[in-house]
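# Make a model of this:
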Amino acid sequence: VNEQLMFCQGKSPERVLADMERRLATFDVIIGTKADHAQFVALRADPALKGMRISFDEISQVLTVEKGDRPKKGLIVVVAGGAKDLPIAQEAGRIAEAMGSQVERISVHAGELEAKQHLLKSAKVVITICGQDPGLPNAVAALTDKPVIATPTKDAFGEGLEGAQHLMDHMATAADGVSYVNIDNGFGAAYVADKVNRQATNGATIPAWQGRLPK
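Alright, predicted model coming up:
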């Protein structure tokens, strides 16, 4: 269990607040997933967290608390296929940023893929949210030699056994350099991408993310 990461869904604001204060005694960054606005309000009102950066994004449901500023290193590019992919794309992007990676976003729906090929080439790793466009990971892999993490969503793949079968079909035809995480797993994509980014930026000996400010 990674103590810098909190699953907030179904927890009372008081429970989230107590857990956050305990973890911040050790770490400089705490990331809450599947959070809600009431939990965010409770954190903002807590005197013990005064001076810390507290942010919440309604779309991705990601809640972060940070002590001080942390430099962003390397580059992760998040590519969303359409408007329905935005919640998972935002989840992946915000979590990767909180972990210390620089993140750029590309919207295929807005026609940005061709115009922003330079970002795909300069990234250390690319996350594709392939809900509305299941073929997006292979299309992106054709534009860059960097690792591509495919993140399917239930909007296109479905759920349960149907979703699993659809996912297996696409995994079987994945282009070289493309790997998959589970359906709607923006967090998992961000976590893997951050590890790849750290190793590519700083060398293979860099330790796993610990949520602490660099010395």
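# got a list of contacts for the longest helix along the chain?
Longest helix of the chain, by residue count under DSSP state H: helix 186-202. Helix 186-202 is contacted by residues 5, 33, 60, 73-76, 87-93, 95-96, 99-101, 124-125, 127, 129, 147, 149, 151, 179, 181-182, 206, 208-209 when judged by C-beta atoms under 8 Å, 6 or more residues apart in numbering. Placement of C-beta: from N, CA and C, glycine included.
# Got a quick ChimeraX command for the buried subset of the residues you listed?
Remark: buried members of those, expressed as a ChimeraX selection using 16 or more other C-beta atoms under 10 Å:
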select :5,33,60,73,74,75,76,87,88,89,90,91,92,93,95,96,99,100,101,124,125,127,129,147,149,151,181,209
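# where in the chain is pLDDT low?
Along the chain, segments meeting pLDDT under 70 span 1, 110, 156-167, 169-170, 203-215.
# For this protein, just list every one of the strands.
Along the chain, the stretches classed as strands by DSSP state E are 5-7, 29-33, 53-57, 62-66, 73-80, 101-107, 125-130, 148-152, 178-180.
# Partner strands of the second one, with direction?
Partner strands for strand 29-33, per DSSP bridges, with pairing direction: strand 5-7 (parallel), strand 62-66 (antiparallel).
# ok, back up a step: let's have the strands of the chain in TSV, adding distance to residue 41.
Converted to TSV, the strands of the chain look like this (distance: least, C-beta to C-beta, whole Å):
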stretch	distance to residue 41
strand 5-7	16
strand 29-33	13
strand 53-57	9
strand 62-66	11
strand 73-80	28
strand 101-107	26
strand 125-130	29
strand 148-152	30
strand 178-180	36
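# in the protein, which residue is closest to the centre?
Centroid-nearest residue in the chain: residue 92, 1.9 Å away (criterion: C-alpha atoms, centre = their mean).
# ok, now which ones touch it?
78, 127, 129, 151, 186-187, 189-190, 193 are the contacts of residue 92 under C-beta under 8 Å, 6+ apart.
# can I get those in TSV with distance to residue 67?
Listed next are these as TSV, based on distance: C-beta to C-beta, whole Å:
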residue	distance to residue 67
78	25
127	27
129	30
151	29
186	24
187	22
189	26
190	21
193	24
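# and the residue lying closest to residue 11 once chain neighbours are set aside, how many residues sit next to it?
Spatial nearest neighbour of residue 11, chain neighbours left out: residue 39 (7.3 Å); criterion: C-beta to C-beta, 6 or more residues apart in numbering. Close neighbours of residue 39, defined as other C-beta atoms under 10 Å, add up to 25.
# State the distance from residue 39 to residue 90.
Residue 39 sits 17 Å away from residue 90, going by C-beta to C-beta, to the nearest Å.
# likewise residue 29?
18 Å.
# Residue 150 too?
17 Å.
# swap in residue 32?
When distance is defined by C-beta to C-beta, residue 32 is 14 Å away from residue 90.
# Run a quick check on residue 133 versus residue 81, I expect a contact.
Yes: using C-beta atoms under 8 Å as the test, residue 133 is close enough to residue 81 to be in contact (3.5 Å).
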